[in-house]
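Participant: Predicted model follows, preceded by the sequence.
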Amino acid sequence: NGNELAKTYLNIGNTYAKNGFAEQAIPHYIKAQKLFQEQKDDFHTAVALNNLGNAYSELNQIDKAKEQYLHSIELKKTLDNQLGLATSLNNLGDFYYDKDDFKNAQRYFEQSLAIVNQIKADDLKALVLRNLSYTAEVQHDYLRAFDYYYQYDTLNTKLTEQNFTILLCTCCYIRSIIRT
């Protein structure tokens, strides 16, 4: 099945990328993207394009990264994939931040934040708030930077406590299984 092969290529690309081998990830993302496109699987095509953008960004291939991000964003808009769209907008904000284009970085981070606020995606919201804090700071807007950082820190503390509670419950559950 073409879709399963495409997912395999995507996973191979992800493995390379996560281990710091962006250059080796690229051909796998390209193969995945083409196969997903042939299967008319726009959701996974958008994922492959976003990951391809991340790999190009890691290699400082600015124009290629931007092209992939924008294409991914357009697909995600047509799919009404709000979480994916917010993720890609955040990635595009990172892209502009790395280019020292802080106005555009802020614009895309703010677009991402508006979406994550609507869909209640707290993990991504924390990341976007942190990015907005850094962006405001480098623009010498310290009050806004502090406000974003305070929101980030408050949310991150809540998420950490939730994760700790889940971990504690899991440990207790495993312990009860072992005892029986």
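Facilitator: That came through, no problem. Numbering: from 1, shown residues only.

Participant: Y29 is in contact with Y56, correct?
Facilitator: No. Contact criterion C-beta atoms under 8 Å: Y56 and Y29 do not qualify, at 9.3 Å. The way it works is simple: take the backbone N, C-alpha and C, and place the C-beta from them, glycine included.

Participant: higher neighbour count, these two?
Facilitator: Per other C-beta atoms under 10 Å, whichever of Y56 and Y29 has more neighbours is Y29, with 28 against 24.

Participant: for the protein, what spans make up the helices?
Facilitator: Ranges of helices in the chain, per DSSP state H, are 2-18, 22-38, 42-58, 62-79, 82-98, 102-119, 122-138, 142-179.

Participant: Least confident secondary structure element in the protein?
Facilitator: helix 142-179 (a mean of 76; mean pLDDT, DSSP states H and E).

Participant: Nearest residue to the middle of this structure?
Facilitator: Centroid check for the chain by C-alpha atoms, centre = their mean gives T87 as the closest residue, at 4.1 Å.

Participant: how much space between that residue and A145?
Facilitator: According to C-beta to C-beta, to the nearest Å, T87 and A145 sit 23 Å apart.

Participant: And the closest residue to T87 other than its chain neighbours, what's its pLDDT?
Facilitator: Nearest non-adjacent residue to T87, counting by C-beta to C-beta, 6 or more residues apart in numbering: L124, 6.4 Å away. Per-residue pLDDT puts L124 at 91.

Participant: Count the neighbours of L124 for me.
Facilitator: Per other C-beta under 10 Å, the neighbour tally for L124 reads 17.

Participant: What of E161?
Facilitator: Residues contacting E161 under the criterion other C-beta under 10 Å number 10.

Participant: S57 too?
Facilitator: The burial count for S57: 22, using other C-beta under 10 Å.

Participant: got a list of what it touches?
Facilitator: 65, 91, 94-95, 98 (C-beta atoms under 8 Å, 6 or more residues apart in numbering).

Participant: Pick the one among the residues you listed closest to N11.
Facilitator: Nearest to N11, judged by C-beta to C-beta, of these is N91 at 19.2 Å.

Participant: show me the contacts for that closest one.
Facilitator: 50, 53-54, 57, 69.

Participant: Filter the contacts of S57 down to the buried ones and hand me the PyMOL line.
Facilitator: A single PyMOL command selects the buried members of the contacts of S57 (16 or more other C-beta atoms under 10 Å):
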select buried, resi 65+91+94+95
